[in-house]
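Colleague: My questions concern the predicted model and sequence given below.
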Amino acid sequence: MIYLEQNAEIYNNDIRAMLQAFFDNEKVMLTKEGTRLSLKVEYTSDSDVETQVEGGGYVTYHLQDEEGYYASKTVVVDYQNKKLARNPLKAALYRMLSDYTGKELPWGSMTGVRPTKVATECLENGKKEEEIRHLYTDTYLTIPQKADICIEVAKREQELFKDFSYDEEYCIYIGIPFCPSRCLYCSFTSYPIAQYAHKVEDYLRALYKEMEFVAAADVYKNKRLVAIYIGGGTPSALTAEQLRALITQLQTVFDMQYVREFCVECGRPDSITMDKLRVLKELGVERISINPQTMSDETLHLIGRAHTVEQTRIAFIMAREAGFDNINMDMIVGLPGEDIKDVHHTLSEIRSMKPDSLTVHSLAIKRAANLNIEMERYQGLIKGSTNEMLLAVDSCARELTMVPYYLYRQKNIPGKLENVGYAVEGKECVYNILIMEEKLDILGMGAGSSSKFIFRKENRIERVENVKNVDEYINRIDEMIERKRKMFATI
Ligand code: SF4
């Protein structure tokens, strides 16, 4: 536990994020009791010093541990001016913590900002790549590889969105909250299909009601539906007939003529059958995702995925036979019990299957996941994701002629590493970028879904959430619709 003392709260979030980046979510306390390390931050106003910058003053960090280590660092800066002072203050704290721990973080002092946003804004402002690279490595202290991948992703995004008209288009997300079993790390809305099979028809009926309401909404009548993502959960946990009914209903109520992308998650190989794949293909689904996560049976068993490596191979072959030429695979690095050797093994299997896109996630330990709830049991097995693992994925993806097209970091990833989507040109999933970039309205339907409304002129985003619980969703469907109706009235 770390004791934090400050005489002002002006950079509280940044300081906490930096401590958590170095000390992997160790608790930051406001009391000294039981803490092993203390950080004191003193903001001194300009009237107290002679060397002040105009309107500012200076900030001193004092770092001390119970074994007698002590260091201090002073940054002369107009700390009231957050825009100018934030980065130098974070960089100074980063260096101090790096000296103390002996660790260098691949993302340097970059916290609280979407990594690619910096590159996107610079490109929009006409900055040269070399200048942008320096901004990452000198201001945010990232390693050069992170600067390069951000620039690459930002350029790819610009290319992918050049034909979009944000004010005239929207996309939809449909949540199917059922899976063959619950994975250890899962924090999504997911119910085991075997126990919930008798609720599926009621669920779909409620979902159709919500879909009909959204499709008929006046505010979206003049906008074009351009991307559809059916996720969850695992939509392919439904039967072939249920999938057919769902997609037919979707095509009946929504105008499909402008849809550029239609994706369905078939994440769990143990949910995939030839019948289901044929239905998806016949009804126009273009991209599916078959997710190995790892190609180790031992790890699959440990993380509760209840399928085998062989099932992944067979599902992939079936999907190709069914005619899918846009198949994504998700993998996770840092899974319990896995090290770099396991990652190389998974990658060699993926390489032999040759998917069209590959999405790598660094294991995140989310509050609602069983992994977090039963942490004591798994603690010794979690070695965490490392940059070496991500580099191995990067080189495998490039061998498969893929390039990175979206990248984001999450709070709960030990080491604060990133998730990256790679794809062969033309096989990217634009919806994945849209969730991060907040360019188009996303209308979410189904339990656990969230809708996002972009008020571009006012520079604000509003969200409308659906309940997560399946029974509540079925019973309170009119209320879910009412929530959307209220939001639609403000657009
Ligand atoms: S397949 Fe995905 S949604 Fe289903 S339990 Fe596993 S992680 Fe959760």
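Modeller: Nice, I can see it. Residues are numbered from 1 along each chain as shown.

Colleague: Against F488, how distant is V464?
Modeller: 9 Å (Cβ to Cβ, to the nearest Å). All C-beta atoms are positioned from the backbone trio N, CA, C, and that covers glycine.

Colleague: Ok, N328 next?
Modeller: 32 Å.

Colleague: More neighbours: which of those two?
Modeller: Higher neighbour count among N328 and F488: N328, with 25 against 17, using other Cβ atoms under 10 Å.

Colleague: Would it be right to say that the more buried one lies in a strand?
Modeller: Yes: according to DSSP: H, G, I helix; E, B strand; the rest coil, N328 belongs to a strand.

Colleague: got a list of what it touches?
Modeller: By Cβ atoms under 8 Å, 6 or more residues apart in numbering, the residues touching N328 are 287-291, 355-359, 423, 429.

Colleague: what residues does this protein put near the ligand?
Modeller: Residues of the chain lying close to the ligand by Cβ under 6 Å from any ligand atom are 179, 182-183, 186, 188, 190, 232-234, 267-268.

Colleague: ok, these vs D65, which is closest?
Modeller: C186 (37.0 Å; Cβ to Cβ).

Colleague: quick one: contacts for that closest one?
Modeller: 179, 369-370.

Colleague: What subset of the residues of the chain next to the ligand is buried?
Modeller: Among the residues of the chain next to the ligand, the ones that count as buried by 16 or more other Cβ atoms under 10 Å are 179, 182-183, 186, 188, 190, 232-234, 267-268.

Colleague: Next, format these as TSV and append distance to I314, pLDDT and secondary structure.
Modeller: What follows is those, written out as TSV (distance: Cβ to Cβ, whole Å; pLDDT from 0 to 100; DSSP: H, G, I helix; E, B strand; the rest coil):
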residue	distance to I314	pLDDT	secondary structure
C179	19	96	strand
R182	23	92	coil
C183	20	93	coil
C186	23	93	coil
F188	25	88	coil
S190	23	91	coil
G232	22	92	strand
G233	22	94	coil
T234	17	97	coil
G267	15	96	coil
R268	13	97	coil
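
Colleague: residue ranges for the helices of the stretch 101-250 of the chain, please.
Modeller: Assigned helices in the stretch 101-250 of the chain, in chain order: 115-124, 129-134, 144-160, 193-196, 200-216, 218-221, 240-253 (criterion: DSSP state H, counting those that start in this stretch).

Colleague: mean pLDDT lowest for which of those helices?
Modeller: Looking at the helices of the stretch 101-250 of the chain, the lowest mean pLDDT belongs to helix 218-221 (a mean of 92).

Colleague: Dump it to PDB, keeping only the CA atoms.
Modeller: C-alpha atoms of helix 218-221 as PDB (Å, rounded to 0.1, in the frame of the first residue of the first chain):
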ATOM      1  CA  ASP A 218     -38.000   9.400 -36.500                       C
ATOM      2  CA  VAL A 219     -34.600  10.700 -35.600                       C
ATOM      3  CA  TYR A 220     -32.800   7.900 -37.400                       C
ATOM      4  CA  LYS A 221     -35.200   7.700 -40.400                       C
END
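
Colleague: Pull the residues that contact it.
Modeller: If you take Cβ under 8 Å, 6+ apart as the criterion, helix 218-221 is touched by 170, 214, 443, 488, 491.

Colleague: What does A322 show for phi and psi?
Modeller: Main-chain dihedrals, A322, degrees, to the nearest 10: phi -70, psi -10.

Colleague: now, which of the contacts of C186 sits nearest the ligand?
Modeller: For the contacts of C186, the residue nearest the ligand by Cβ to the nearest ligand atom is C179; the value is 3.2 Å.

Colleague: what residues are up against that closest one?
Modeller: 186, 190-193, 232-234, 237, 267-268, 271.

Colleague: Alright, I will stop here.
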